[in-house]
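Asker: next one to model:
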Amino acid sequence: MAFTRPKSTYEANNPPRKILAAKVTVRLFPVTPYFEDYYKLWKDKNLNNPKKNKYVFMEDKAIRLRLEAITNTSGEFTFPNMKPGKYYLWTSVDYSLNYNTKEYAGTGYTAYGNIDYYKQQAYSNGFNDFLEAFVEVKSDGKMVTVNLKN
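Answerer: Numbering: from 1, shown residues only. A predicted model of the protein is given here:
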């Protein structure tokens, strides 16, 4: 299952809701020595930093070794008949959060004193969360359950 939770709306008594990764592509790569080296370089912010125009790319031959699955509306996905080994899964989830807030609209003057007026303001923020996980299939026919989350 693939899902994320919004971080910006967390309240102690009201944990953030799950945002299901519906209808997104999940990519699976076998973890080989080449992939392990690539992953270390990709995670190194000194070597892979788009702000500094530095990028780490995977070799085309290695990219072709991936498998892909599309999640259903509940964020569930499967890769059937996988051989024993270690695998890396990733996807990204786009979502938006809508907010309402009160915005100061001015002050009125009455016989009883000043009164502040507020109007309801609605806005929306878009987000993209990167979800990844390493998973190991220990034996043939063994089902592995993984929560792909950030």
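Asker: spatially central residue for the chain, please.
Answerer: The residue lying closest to the centre of the chain (C-alpha atoms, centre = their mean) is residue 129, at 2.7 Å.
Asker: now it, nearest residue through space, not along the chain?
Answerer: residue 4 (4.2 Å; C-beta to C-beta, 6 or more residues apart in numbering). Any C-beta I mention is one placed from the backbone N, CA and C, and that applies to glycine too.
Asker: give me the distance between residue 72 and residue 141.
Answerer: 23 Å (C-beta to C-beta, to the nearest Å).
Asker: between the two, who's got more neighbours?
Answerer: Comparing residue 72 with residue 141 by other C-beta atoms under 10 Å, the one with more neighbours is residue 72, at 14 against 8.
Asker: tell me the contacts of that one?
Answerer: By C-beta atoms under 8 Å, 6 or more residues apart in numbering, residue 72 lies in contact with 22, 23.
Asker: check residue 68 too.
Answerer: Residue 68 makes contact with 25, 26, 27, 28 under the criterion C-beta under 8 Å, 6+ apart.
Asker: tell me where this protein has strands.
Answerer: For the chain, applying DSSP state E gives strands covering 3-4, 19-20, 25-30, 67-70, 85-110, 113-137.
Asker: pick the most buried one from those strands.
Answerer: Most buried of the strands of the chain, by mean neighbour count (mean count of other C-beta atoms under 10 Å): strand 3-4, with a mean of 22.
Asker: was I right to think residue 27 contacts residue 90?
Answerer: Yes: at 5.6 Å, residue 27 counts as touching residue 90 under the criterion of C-beta atoms under 8 Å.
Asker: can you put the strands of the chain in CSV and add distance to residue 149?
Answerer: Output for the strands of the chain, formatted as CSV (distance: least, C-beta to C-beta, whole Å):
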stretch, distance to residue 149
strand 3-4, 6
strand 19-20, 10
strand 25-30, 12
strand 67-70, 16
strand 85-110, 10
strand 113-137, 6
